[in-house]
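> can you look at this prediction? I've put the sequence above it.
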Amino acid sequence: MLSTPWSRAMGLRVPIVNAPMGGVAGGRLAAAVTAAGGLGMVGMGSTATRASLHTQLRHLTGKFGIGLVDWVIRNEPGLLEEALAARPVVLSVSFGADWSWVGKARDAGIATATQVYDALGARQAVDAGVDMLVARGAEGGGHGEVKLATLPLLDIVLAAVAVPVLAAGGIASPRSLAAVLAAGASGAWVGTRLAACPEALTGDAARRALIAARETDTRITRVFDVAAGLPWPARFPSRVLANDFVARWTGREEELAADGAARDELTAAVAADDLRIAPVDAGQGVGMIGDAAPVGEVIEQMCLGAQRLLTAWRS
């Protein structure tokens, strides 16, 4: 089976980690990824609470990781401590510059990870003591800085640091998995492809939208965060499926922030699963999703296909 020195050291059968997507990567998804040989991550996103973490932890079996958002743990007292007490094998915290969590995780014997977007950020994270980095390219779904595509970013981060580096952004097929491993990644941080799996928290309408979407159907925007009043730093927009709300409000964020009717419209659309208005996070790998296959099948197909490609290239 496909492996890397990092995945073997972590006790994984395959070098796959699911991205800890808030509202998507719950305990069932994480458990399924771990059962398939990878590392399952529970994602605590913008609206994370201690209670929501406990709810998802009840579904876990085997080893797991937890992914947190920097500004959320600073606004939600006790969330970081609850995550550490759950004893994940990896704690990932991203979207900030406060590194105080790293020492707390180290003291608890928990490995640490964070997303980076350039060589400077990679060196800063390593200097702060982070154990492994996630080079998240601009192709990725959900939040992140839009600086470099995955392969150029992976290249410069690998040259800048000596810790394991996982590649993220647009990895949704055997070819893309083989490409990042051939370039030197220790593993792949896979999001959008797994969001369509039945084990994900993704709603039925969003799952159908992911399956139907083409690779050109995503947009980068801040409109959903602005409308919802979420304090995401402006440098972290989100890549989502294009819809009417994105088309109407992108570029008009200041006006949107003051428009209560638009906020109410978004709230109602989310409740009604109306995807003309409600968001669906998706990376540019979305065009590779052809069905709602279960996690185990998706990971097996990606890894077996990547292994065949890498073997063929070597020969």
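Received it, and whenever you're ready, just let me know what you need.
> can you give me the helices in the stretch 51-200 of the chain?
Along the stretch 51-200 of the chain, the stretches classed as helices by DSSP state H, counting those that start in this stretch are 70-75, 79-85, 100-107, 119-127, 150-160, 174-182, 192-195.
> pull out the buried residues from the host helix or strand of residue 297.
Assigned by DSSP states H and E, residue 297 belongs to helix 295-314. Using 16 or more other Cβ atoms under 10 Å as the test for burial, helix 295-314 gives 295, 298-300, 302-303, 305-307, 309-310. C-beta: built from backbone N, CA, C; applies to glycine.
> same question for stretch 240-248.
Result for stretch 240-248 [16+ other Cβ under 10 Å]: buried residues 240-243, 245-246.
> among those, which ones are in helices?
245-246 (DSSP state H).
> generate TSV for the buried residues of stretch 240-248, with distance to residue 315 as supplementary columns.
TSV is the format used below for the buried residues of stretch 240-248 (distance: Cβ to Cβ, whole Å):
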residue	distance to residue 315
240	41
241	40
242	42
243	46
245	50
246	46
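> and the two most separated of the buried residues of stretch 240-248?
Of all pairs drawn from those, the one with the longest distance (Cβ to Cβ) is 241 and 245, at 10.7 Å.
> need the residues touching each of these two.
residue 279 (Cβ atoms under 8 Å, 6 or more residues apart in numbering).
> quick one: the strands in the stretch 1-150 of the chain, in order.
Using DSSP state E, counting those that start in this stretch, the strands found in the stretch 1-150 of the chain span residues 16-18, 40-43, 64-69, 90-94, 111-116, 132-136, 142-143.
> with the stretch 151-300 of the chain instead?
Under DSSP E, counting those that start in this stretch, the stretch 151-300 of the chain gives strands at 165-168, 187-190, 218-221, 238-241.
> where in this protein is pLDDT low?
Scanning the chain for pLDDT under 70 picks out no residues.
> dump the strands of the stretch 151-300 of the chain to TSV, plus distance to residue 131.
Formatted as TSV, these follow (distance: least, Cβ to Cβ, whole Å):
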stretch	distance to residue 131
strand 165-168	11
strand 187-190	13
strand 218-221	29
strand 238-241	27
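> identify whichever of these lies nearest to residue 231.
That would be strand 238-241 among the strands of the stretch 151-300 of the chain, by Cβ to Cβ, at 13.7 Å.
> who's in contact with the closest one?
Here strand 238-241 makes contact (Cβ under 8 Å, 6+ apart) with 138-144, 209-210, 213, 217-222, 224-225, 232, 246, 275, 279-284, 286.
> how far off centre is it?
Centroid displacement of strand 238-241 relative to its chain, using Cα atoms, centre = their mean, to the nearest Å, is 12 Å.
> can I get the helices of the stretch 51-200 of the chain in a markdown table with mean neighbour count and distance to residue 202?
As requested, the helices of the stretch 51-200 of the chain are exported to a markdown table (neighbours: other Cβ atoms under 10 Å; distance: least, Cβ to Cβ, whole Å):
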| stretch | mean neighbour count | distance to residue 202 |
| --- | --- | --- |
| helix 70-75 | 18 | 20 |
| helix 79-85 | 19 | 23 |
| helix 100-107 | 16 | 28 |
| helix 119-127 | 18 | 29 |
| helix 150-160 | 20 | 22 |
| helix 174-182 | 21 | 21 |
| helix 192-195 | 29 | 5 |
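> okay if I get those helices as TSV plus distance to residue 270?
TSV is the format used below for these (distance: least, Cβ to Cβ, whole Å):
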stretch	distance to residue 270
helix 70-75	18
helix 79-85	23
helix 100-107	30
helix 119-127	32
helix 150-160	29
helix 174-182	30
helix 192-195	16
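> between those helices, which gets nearest to residue 268?
With Cβ to Cβ, the closest approach to residue 268 among those belongs to helix 192-195: 23.2 Å.
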